[in-house]
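Asks: Okay, here's the prediction I keep looking at, along with the sequence it came from:
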Amino acid sequence: QQQVKQSPQSLIVQKGGIPIINCAYENTAFDYFPWYQQFPGKGPALLIAIRPDVSEKKEGRFTISFNKSAKQFSLHIMDSQPGDSATYFCAAGTSNAGGTSYGKLTFGQGTILTVHP
Amino acid sequence: DAGITQSPRHKVTETGTPVTLRCHQTENHRYMYWYRQDPGHGLRLIHYSYGVKDTDKGEVSDGYSVSRSKTEDFLLTLESATSSQTSVYFCAISESPVSPGTQYFGPGTRLLVL
């Protein structure tokens, strides 16, 4: 029930394309859904995050779409660039202030994105 | 970048030897986490800390122990390293688990157990 399933494992697009990465979760207690971007040899870095009270969030060329009823969320990268080539992780967590979540996140398996020039 | 350092950055060790990895932060964040990253598994939580001397197990804690005697340092120990513990280990910190719930990651330690 704690799993977050991410697909595809790898994705290749041409410059300007719109790669889409999908994630699904089971635990309905999750209420925080961040996406992390990781370049080779570096630690993951927060890219964008969404809470279930909205269905979409945009930050620059990155958009998260959220479907609460289906328990799915996805990342879209508009006008993708070679510099977007990286590994992307979705994650889910529970932000209960008085509880015992302690900010723990459950991560998806990761998607290796390659954007060709 | 958040002030997180990990040491060593690379280590090669032999099966059966103890190994300690260090995570040091300069942000004074309360929450700290240790993850391992393996192909096809993403990032998996090993142990986490919610304060000095307050730690708990994550989903893959077998064979690992942790200690946190100061806010800034979180140590991960492999009591007797095995080849299955060959991985890249990341430390992360968080100021608040509530909002925005952001975790900042260190640069990682690449561990090879022969």
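Replies: Happy to help now that I have it.
Asks: Give the next helix or strand downstream of the lengthiest strand in chain B.
Replies: The single longest strand within chain B, with elements called by DSSP state E, is strand B:42-51. Using DSSP states H and E, the helix or strand that follows strand B:42-51 in sequence is strand B:54-57.
Asks: Each with direction, which strands does that following strand pair with?
Replies: With DSSP bridges as the test, strand B:54-57 is paired with strand B:42-51 (antiparallel).
Asks: In chain B, which residue is most central in space?
Replies: Centroid-nearest residue in chain B: residue B:34, 2.7 Å away (criterion: CA atoms, centre = their mean).
Asks: How about the contacts made by the closest residue to residue A:88 other than its chain neighbours?
Replies: Distance criterion CB to CB, 6 or more residues apart in numbering or on different chains; nearest residue to residue A:88, sequence neighbours excluded, is residue A:111 at 4.9 Å. C-betas here are computed from N, CA, C, even on glycine. Listed by CB atoms under 8 Å, 6 or more residues apart in numbering or on different chains, the contact partners of residue A:111 are A:6-11, A:21, A:87-89.
Asks: and the gap between residue A:111 and residue A:20?
Replies: According to CB to CB, to the nearest Å, residue A:111 and residue A:20 sit 10 Å apart.
Asks: With residue A:6 instead?
Replies: Going from residue A:6 to residue A:20 by CB to CB gives 12 Å.
Asks: With residue B:33 instead?
Replies: Taking CB to CB, one finds residue B:33 at 29 Å from residue A:20.
Asks: quick one: secondary structure of the residue nearest to the centre of chain B?
Replies: Here residue B:34 is recorded as strand under DSSP: H, G, I helix; E, B strand; the rest coil.
Asks: roughly how far apart are it and chain A?
Replies: Computed as CB to the nearest CB, to the nearest Å, the residue B:34 to chain A distance reads 12 Å.
Asks: what's the neighbour count on whichever residue of chain A sits closest to chain B?
Replies: Residue nearest to chain B within chain A (CB to the nearest CB): residue A:103, separated by 2.8 Å. The tally of other residues near residue A:103 (other CB atoms under 10 Å in any protein chain shown) stands at 25.
Asks: list the contacts for residue 85?
Replies: No chain was given, so I picked chain A. A:113-115 are the contacts of residue A:85 under CB under 8 Å, 6+ apart.
Asks: actually chain B
Replies: Contacts of residue B:85 by CB under 8 Å, 6+ apart are B:36, B:63, B:78, B:111, B:113.
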